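S.K.: Fold the following and give me the result.
(one chain, ligands or ions: 1)
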Amino acid sequence: MASVSAFLYDKYMARVENASLKKWREELFAGVKGDVLEIGAGTGASIDFYPSGDIRLIMAEPDEGMRNRLKQRLARSGRATFSVASGSAENIDAADESFDFVISSLVCCSVMDVGKALQEIKRVLKPGGRFIFIEHVAAEKGSAKRKWQERFNPLWVKVARNCHLNRETEQAISAAGFRIEEIKNDTMRSSNPLVRPAIRGVAVKC
Ligand SMILES: C[S@@+](CC[C@H](N)C(=O)[O-])C[C@H]1O[C@@H](n2cnc3c(N)ncnc32)[C@H](O)[C@@H]1O
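M.R.: As a prediction, this is how the structure comes out:
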């Protein structure tokens, strides 16, 4: 069952990847190097976008079905310095100040506790380390889209595995004490209209 839903996830996301996400990953991951952690790595949509060279990447994914597909994809990629781990973003199994980069794409919407996850990300980043994020987020407060997001959120959380339509992730990143170095608001084309408002960028551990 878990493998079926991971397979369906990839099928569903293929159009969104082609319309937006591949380009965003390409732009943001170009300078990634050193010791890197990707949280909620899913089935490995990011693998092909990491540059070659000096990069040791741990791809952590708590869901077994997603993780199995991730392992298969990683094996096909031949990236010998990449590895797969389990574990959640709220409880990262790594020492303080271990990573140069932490990557999150479409994960802050789904974690149980965003504040705790961001504190963990900060803990495991080296001083000056960078948190790269691609996240779908709440639409502007008071907008018609935001009202629909609020209305549908209780149902969406149940059918989309704890994915929230109304997370204010930029504010949460700032509240966690990161300095936002770069951020773009955009539309995640080809996705459900309530999931389209998106941010992507880089935050620095001060
Ligand atoms: C929408 S998918 C995104 C997957 C992948 N990052 C991508 O860009 O295709 C959300 C992922 O977050 C994972 N996830 C959910 N809760 C999590 C948590 N508390 N910590 C880490 N990952 C989590 C899910 O298992 C799922 O793989």
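S.K.: pull the helix or strand with minimum mean pLDDT from this protein.
M.R.: Lowest by mean pLDDT, DSSP states H and E among the helices and strands of the chain is helix 2-16, with a mean of 89.
S.K.: hey, where'd the helices end up in this protein?
M.R.: Under the criterion DSSP state H, the chain contains helices at 2-16, 22-29, 64-77, 114-124, 144-159, 169-175.
S.K.: what's the closest of these to Ser105?
M.R.: Nearest to Ser105 among these is helix 22-29; the distance by CB to CB comes to 7.0 Å. Quick note: C-beta positions are derived from backbone N, CA and C, even for glycine.
S.K.: what does the protein put close to the ligand?
M.R.: Contact residues, the chain versus the ligand (CB under 6 Å from any ligand atom): 39-42, 45, 61-63, 66, 88-90, 105-107, 110-112.
S.K.: Give me the helices and strands touching the least confident helix or strand of the chain, please.
M.R.: Applying 3 or more CB pairs under 8 Å, 6 or more residues apart in numbering; DSSP states H and E, one finds that helix 2-16 contacts helix 64-77.
S.K.: What residues sit buried inside the helix it packs on?
M.R.: By 16 or more other CB atoms under 10 Å, the buried positions in helix 64-77 come out as Gly65, Met66, Arg67, Asn68, Arg69, Leu70, Lys71, Arg73, Leu74.
S.K.: Taking helix 2-16 as reference, get the angle to that helix.
M.R.: Between helix 64-77 and helix 2-16, the angle comes out at 60 degrees (axes from the mean of the first three to the mean of the last three CA atoms, to 10 degrees).
S.K.: Need the contact partners of helix 64-77.
M.R.: The contact list for helix 64-77 (CB atoms under 8 Å, 6 or more residues apart in numbering) reads 1-7, 9-10, 41-44, 47-48, 59, 61, 82-84, 86.
S.K.: go again using 6 Å as the cut-off
M.R.: Applying CB atoms under 6 Å, 6 or more residues apart in numbering, the external contacts of helix 64-77 come out as Ala2, Ser3, Ser5, Ala6, Ala41, Gly42, Thr43, Gly44, Ile47, Glu61, Phe82, Val84.
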